[in-house]
Every structure is written in structure tokens, then in C-alpha cells.
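In: sharing a model prediction with you, sequence too.
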Amino acid sequence: MTTATTALTQLRLTPAAGRIGAIVHDVTLGGDLSAETVAAIEAALYEHKVLFFRGQQHLDDAGHEAFARLLGQPVGHPTVPSVDGRYIFELDATKGARANNWHTDVTFVPSYPKASILRALELPEAGGSTVWANTVAAYQDLPAPLKTLADSLRAVHTNDYDYAARPDASPEAAELFRRVFVSTTFKTEHPVVRVHPVTGEKTLLLGGFAQRIAGLPTADSQALLALFQRYVERLENTVRWDWQVGDVAIWDNRATQHYAVNDYGDQPRLVRRITLDGDLPVGVDGTASRLLEPADPPAVPGLVPAEQLEAALHQG
């Protein structure tokens with residue numbers, strides 16, 4: 001058992017794995033938490049990268065958002081319509097897409113979210129776990145020559161690929177979902193190694209949205225992406241969470257990747273997420289990320305009518 005301490009507040013924590021993750025006890029989440037408790041949660045998040053809270057069944061969409069606002073400014077998904085018209089991003093396995101590949105949320109835009117807050121509403125009898133990886137530990141694991149190489153590289157991230165396509169969906173449904181997700185195509189160049197703005201740690205900025213290394217031929221690019229990603233996915237750098245209804249997970253999206261395990265067939269799995277506005281990444285050399293496409297991004301990027309998304313997800 002460990003504690004995270006501010007001047008006035010202690011959190012009771014149990015490590016969830018050796019290098020990443022902690023369970024927070026005796027905290028009821030909501031918009032009425034004290035500033036001291038919020039500061040302690042933030043401190044624990046930066047240390048452990050992902051925090052887990054059991055027994056938060058009281059939390060509805062409004063309470064979810066009220067709590068999120070204590071940690072930062074909620075932001076909607078750049079292309080997929082929200083459930084509530086504001087910030088709630090729903091992942092309903094019965095409607096299609098399942099994010100079963102390694103990724104950091106929304107890295108196809110420059111100032112991608114700093115953190116995500118996910119709560120479980122409905123779950124399969126077994127399966128449906130989520131795995132998180134510590135991308136700071138992954139960088140630290142690199143041999144010195146690979147650190148030097150990674151520090152010098154930049155990668156292009158894009159939403160223009162099937163990161164969450166359901167393999168058993170019909171071709172029509174898959175194509176329609178893809179058109180929603182890529183209703184605006186974004187391409188952003190990020191440093192492969194970003195410096196965390198709070199902790200100063202170096203973290204590998206990769207994941208599924210990273211599709212190529214800038215300035216390299218395709219074969220070399222894919223080889224390097226796979227090489228560095230392998231360090232992220234090392235089991236020593238991961239924690240696997242077996243959800244219970246009412247659980248909430250918060251992760252530092254600037255220092256982690258995650259993977260939703262798709263091992264539960266046609267059983268229901270319903271979770272809802274709010275992301276918090278992020279900052280512009282900066283590499284080891286001080287160079288910031290930059291948007292490549294679109295040249296003139298929309299003020300509310302690429303939103304499409306919710307009924308169009310529903311039609312896509314209910315087909316096939």
C-alpha cells in the first residue's frame with residue numbers, strides 16, 4: 001500500500017502493477033471534490049499514469065462531466081458526434097467499433113487530449129478488459145543508441161485508417177463508419193519522443209495513429225515504428241484492468257497507450273469517455289508538433305449528424 005500526499009490530503013493507493021497503475025480507495029468521484037483531493041489525484045496520476053476507482057455507480061453523465069472539469073477542460077471528439085451533444089464519447093460494442101489496437105487517444109491532431117476519464121456502464125460476463133502501457137518506462141527501456149535515434153525522429157499521425165473497424169461488420173457498415181471517423185482527415189507531425197509538460201519525463205509518442213516516420217521510405221518507416229512500439233507493449237510496462245460496472249479509469253494520455261481487448265463475442269460492453277484538452281507536444285530538441293492537414297481546419301472539426309453514425313453502427 002502506498003500514499004500520494006499533498007499538503008492537506010492523502011490518497012490511499014494500491015499499486016495495480018509494477019510499473020504502471022494504482023487503485024484509489026475511499027474517494028467518491030463528482031464535481032464537489034475538494035481542491036486538495038483533486039490535487040492529490042493529479043499527483044497520483046502523474047506518478048502512476050493510470051488510476052482506477054471502484055464502486056462509482058452513482059456517477060451519471062452530468063457527474064462525469066462535473067468531475068472531469070475539476071481536472072481540465074473537456075473536449076469533444078474531432079470527428080465522431082458525442083452522445084450528449086457535448087463531450088460524452090460512447091463505445092458500445094453492440095453497435096460496431098471496438099478499439100482493439102494500441103493507441104493514444106486522438107494523436108492525429110496537434111494538441112491531443114492530456115487525459116481521458118472512462119466509466120463502465122455495461123459489461124460482458126467475462127472478457128472486455130483494457131490494457132494500458134507506460135510509454136515513459138518504454139523510453140527508459142531503450143538502449144542508449146535507440147534513445148538517440150528516437151530523439152531525432154518525427155512521426156506522422158492520421159485518423160485515415162481503420163483503427164476501430166469491426167471485422168464481422170458488413171463492407172457497407174464498415175465503409176460508412178470509416179466515412180464518419182474520417183469525415184475530416186487529419187495529419188499531424190509529432191516528435192517520436194515528447195517531453196511531458198508536467199513531469200519533464202521523456203515519453204514515446206506512437207500508437208496506431210502513427211502511420212509513418214517523416215522523411216523515411218515506407219519499409220524503413222514501418223520497421224522503426226514496429227521496433228519502438230515493441231518496447232511500449234512489453235508486458236513489464238503494462239497493466240490489465242478487469243472491469244466491474246461502476247468502475248472509473250483515468251489515464252495520463254501523454255504518457256500511456258491503451259488497448260481494449262476484444263474477447264467477448266457478441267456480449268454487450270458499454271463504456272463512456274470524456275477527454276480533457278491537451279497542450280502542444282514538444283520534442284527533445286524543443287521543436288513542437290505541427291498540423292499537416294487540413295490546411296484550414298473547421299472550427300468544429302468534421303462533425304456529422306448523429307443519426308448518420310447510428311445508421312453506420314447498426315448495419316451489418
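Out: Received it, and whenever you're ready, just let me know what you need. Numbers count the residues shown, from 1 in each chain.
In: residue 34: how many residues sit nearby?
Out: 11 (other C-beta atoms under 10 Å). Using the backbone N, CA and C atoms, a C-beta is placed for each residue, glycine as well.
In: how about the strands in the stretch 151-300 of the chain?
Out: In chain order, the stretch 151-300 of the chain shows strands spanning 154-158, 187-191, 193-195, 202-204, 210-213, 238-241, 248-252, 256-260, 270-276, 290-293, with DSSP state E, counting those that start in this stretch as the criterion.
In: any residues touching the second one, and which ones?
Out: Strand 187-191 is contacted by residues 107-110, 153-158, 160, 205, 210, 214, 281-285, 287, 289-293 when judged by C-beta atoms under 8 Å, 6 or more residues apart in numbering.
In: switch the cut-off to 6 Å
Out: 108-110, 154-158, 205, 214, 281, 283, 289-293 (C-beta atoms under 6 Å, 6 or more residues apart in numbering).
In: likewise for stretch 126-139?
Out: Counting contacts by C-beta under 6 Å, 6+ apart, the residues outside stretch 126-139 that touch it are 19-20, 49-50, 201-204, 231-232, 237-242, 251, 255-261, 263-264, 269.
In: can you give me the end-to-end distance of stretch 130-144?
Out: Looking at stretch 130-144, the gap from its leading to its trailing residue is 31 Å under the measure C-alpha to C-alpha, to the nearest Å.
In: for it, the distance to its chain's centre please.
Out: What separates the centre of stretch 130-144 from the centre of its chain is 15 Å, taken as C-alpha atoms, centre = their mean, to the nearest Å.
In: next, the buried residues of it.
Out: Across stretch 130-144, burial judged by 16 or more other C-beta atoms under 10 Å covers 130-142.
In: what mean pLDDT does that stretch get?
Out: Across stretch 130-144, pLDDT averages out at 98.
In: I'd say residue 249 and residue 118 touch.
Out: Yes: using C-beta atoms under 6 Å, residue 249 makes contact with residue 118 at a distance of 5.0 Å.
In: show me which of these two is the more surrounded one.
Out: When neighbours are counted by other C-beta under 10 Å, residue 249 and residue 118 differ, and residue 118 comes out ahead with 24 against 21.
In: that one: what's it in contact with?
Out: For residue 118, the contact set (C-beta under 6 Å, 6+ apart) comprises 249, 271, 273.
In: before we move on, what about residue 269?
Out: Residue 269 is in contact with 93, 123, 124, 128, counting by C-beta under 6 Å, 6+ apart.
In: again, only using 7 Å
Out: By C-beta atoms under 7 Å, 6 or more residues apart in numbering, residue 269 lies in contact with 93, 122, 123, 124, 128.
In: same check on residue 278?
Out: Shown in contact with residue 278 (C-beta under 7 Å, 6+ apart): 111, 112, 113, 114, 254.
In: surely the last one and residue 198 touch.
Out: No: with the criterion set as C-beta atoms under 7 Å, residue 254 and residue 198 do not qualify as a contacting pair; they are 8.3 Å apart.
In: nearest to residue 71 among the contacts of residue 278?
Out: Nearest to residue 71 out of the contacts of residue 278 is residue 114 (C-beta to C-beta; 8.7 Å).
In: what does the closest one show for phi and psi?
Out: Here the main-chain torsion angles of residue 114 (degrees, to the nearest 10) amount to phi -80, psi -30.
In: touching, it and residue 281? I think so.
Out: No: here residue 114 lies out of contact with residue 281, judged by C-beta under 7 Å, at a distance of 10.4 Å.
In: ok, the most centrally placed residue in the chain to residue 60 distance?
Out: Nearest to the centroid of the C-alpha atoms of the chain, with distances taken as C-alpha atoms, centre = their mean, sits residue 105, at 3.4 Å. Here residue 105 is placed at a distance of 22 Å from residue 60 (C-beta to C-beta, to the nearest Å).
In: with residue 144 instead?
Out: For residue 144 relative to residue 60 (C-beta to C-beta), the value is 50 Å.
In: again, but for residue 201
Out: Applying C-beta to C-beta, the value for residue 201 to residue 60 is 35 Å.
In: so if I had to pick from those two, which one is more boxed in?
Out: The residue with more neighbours, out of residue 201 and residue 60 and counting by other C-beta under 10 Å, is residue 201; that gives 16 against 13.
In: just give the closest residue to the more buried one, not the sequence neighbours.
Out: Sequence neighbours aside, residue 136 is the residue nearest to residue 201 in space, at 4.6 Å (criterion: C-beta to C-beta, 6 or more residues apart in numbering).
In: A strand includes the one you found, no?
Out: No: secondary structure assignment (DSSP: H, G, I helix; E, B strand; the rest coil) places residue 136 in helix, not in a strand.
In: and the pLDDT for residue 312?
Out: The per-residue confidence score, pLDDT, reads 39 for residue 312.
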